[in-house]
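Visitor: What shape does this take:
(2 chains)
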Number of protein chains: 2
Amino acid sequence: MSMTRQEIQDLCVKSLEEKMVGTTDKGIANGNGFYQYFFTNFPDLRVYFKGAEKFTAEDVKKSERFDKQGQRILLACHLIANVFTNEEVFKAYVRETINRHRIYKMDPALWMAFFTVFTGYLESTGSLNDQQKAAWMALGKEFNAECQVHLKNSNLPYVH
Amino acid sequence: MSMTRQEIQDLCVKSLEEKMVGTTDKGIANGNGFYQYFFTNFPDLRVYFKGAEKFTAEDVKKSERFDKQGQRILLACHLIANVFTNEEVFKAYVRETINRHRIYKMDPALWMAFFTVFTGYLESTGSLNDQQKAAWMALGKEFNAECQVHLKNSNLPYVH
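Guide: Predicted structure coming up:
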C-alpha cells in the first residue's frame, strides 16, 4: 500500500505529538531521550561525538550538551515531518543539513540508517504504530535520496 | 481584522511560491536577490557580514558566498512560514536560530526589523500583496517575541 506525501506528513507529524520540542522538563527530556536510546543501542556510533565516545545512557541523561543536542535533532525531525509536502523546501532543508554536517566526515550510509535509529527511539517509548513507522521510513527514503544527490554534487563520499 | 494562525501560515507560504528555494539558477537567484536588496537598502547592516562590509548589489550578485547565504536565509523563511501553525516547533526553530546567531553579537532589535527587510524584498519584486504583508508582519511579531524571551533566558541583550 503506497501513501501520498500528505498522508506521510500527517502520520509523521502525529507520531511526534508526544515528542514535542520545548523548554519544559518534558520538552528537554524528549530530545535527550533520543540520545540515551541512541548511545545504548548503537554504541559504535558514539565515535562521532567527540568527548562522549564512552558515554552511557546515564551520562547522556545528566549532560547539558545532550539536552541541547537532543533539542536540535528532535527539532530537525519535526521540521522534516512538517514540510514534507512542500517538496522543494524539504529538499533544501536536507541539503542544508548535509552542509552543516560536512565537518563531521560521516559515513554516507548513516543518513538512511538514522531513520532506523529514530523510529527505534519512538517505538521504544511506545509512541509509534506500524503505519507511522512505514511513513517515517518512506520519508527517510526521500530524505536519503536527496542526501546522496547533494553529497555527490558536493564532491563528497556518497552511497551509489 | 485579525487572522488565524492557519490564515497567516497560508498567506506567507503562498507569498513564497515565486521565491522557491532550489539548486536551479532561479532557485539560487531567489536567495541571492534578498541580499542584493538588503545591501542596497540597508547598507549600514553590511557591518555584520565580515569581508563584505562594502559590497554593492553587483558584488553580491557575483558572490558564491551570497548564493549560499541567500539559500540559507530563504530556506529559514520558508521553514518558519510552513511550521507557523505548529507553535512549539515554530518557537523551537526561533530559539535554534538565536543560538546559531549568538556569535554575531547582533543588536536584538534586528530580529523584528528583519521582517521589514524581508517583506521589502518580496514587495520589490512585485510578489507581495497587502494581506500577505500583514501576515508576514504578524508572523514576525510572534517570531520576535520568542527571540526576546530566549535572548533574556540566555542572558543576552534583549529588547524590553
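
Visitor: can you pull the buried residues of the helix or strand hosting A:Asn144?
Guide: In the assignment (DSSP states H and E), A:Asn144 maps to helix A:130-153. Neighbour counts over helix A:130-153 (16 or more other CB atoms under 10 Å in any protein chain shown) mark A:132-136, A:138-140, A:142-144, A:146-151 as buried. C-betas here are computed from N, CA, C, even on glycine.

Visitor: Could you tell me how many residues sit around the closest residue to A:Asn82 other than its chain neighbours?
Guide: Ranked by CB to CB, 6 or more residues apart in numbering or on different chains and with sequence neighbours excluded, the top spatial neighbour of A:Asn82 is B:Val83, at 4.8 Å. Using other CB atoms under 10 Å in any protein chain shown, B:Val83 is surrounded by 23 other residues.

Visitor: before we move on, could you check phi and psi at B:Val83?
Guide: The phi/psi pair for B:Val83 (degrees, to the nearest 10) reads phi -110, psi 10.

Visitor: Over to A:Ile73?
Guide: With angles defined as degrees, to the nearest 10, A:Ile73 sits at phi -70, psi -40.

Visitor: do you know how far it is from B:Glu96?
Guide: From A:Ile73 across to B:Glu96, the span is 11 Å (CB to CB, to the nearest Å).

Visitor: Likewise for A:Met106?
Guide: 20 Å.

Visitor: For the host helix or strand of A:Gln6, which residues meet the burial criterion?
Guide: Here A:Gln6, judged by DSSP H and E, is contained in helix A:5-15. Using 16+ other CB under 10 Å as the burial criterion, the residues of helix A:5-15 that qualify are A:8-13, A:15.

Visitor: now, which of these lie close to chain B?
Guide: A:Val13 (CB under 8 Å from any CB of the partner chain).

Visitor: Send over the helix holding A:Asn144 as CSV, restricted to the C-alpha atoms.
Guide: Listed next in CSV are the C-alpha coordinates belonging to helix A:130-153 (Å, rounded to 0.1, in the frame of the first residue of the first chain):
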residue,chain,number,x,y,z
ASP,A,130,3.2,0.3,12.2
GLN,A,131,1.6,2.8,9.8
GLN,A,132,3.6,5.7,11.4
LYS,A,133,6.8,3.7,11.2
ALA,A,134,6.1,3.0,7.5
ALA,A,135,5.6,6.7,7.0
TRP,A,136,8.9,7.6,8.6
MET,A,137,10.7,5.1,6.5
ALA,A,138,9.1,6.5,3.4
LEU,A,139,10.1,10.0,4.4
GLY,A,140,13.6,8.7,5.2
LYS,A,141,13.9,7.2,1.8
GLU,A,142,13.3,10.6,0.2
PHE,A,143,15.5,12.3,2.7
ASN,A,144,18.3,9.9,1.9
ALA,A,145,17.9,10.2,-1.8
GLU,A,146,18.4,14.0,-1.7
CYS,A,147,21.3,13.5,0.7
GLN,A,148,23.2,11.2,-1.7
VAL,A,149,22.5,13.6,-4.7
HIS,A,150,23.8,16.5,-2.7
LEU,A,151,26.8,14.6,-1.4
LYS,A,152,27.7,13.7,-4.9
ASN,A,153,27.2,17.2,-6.2
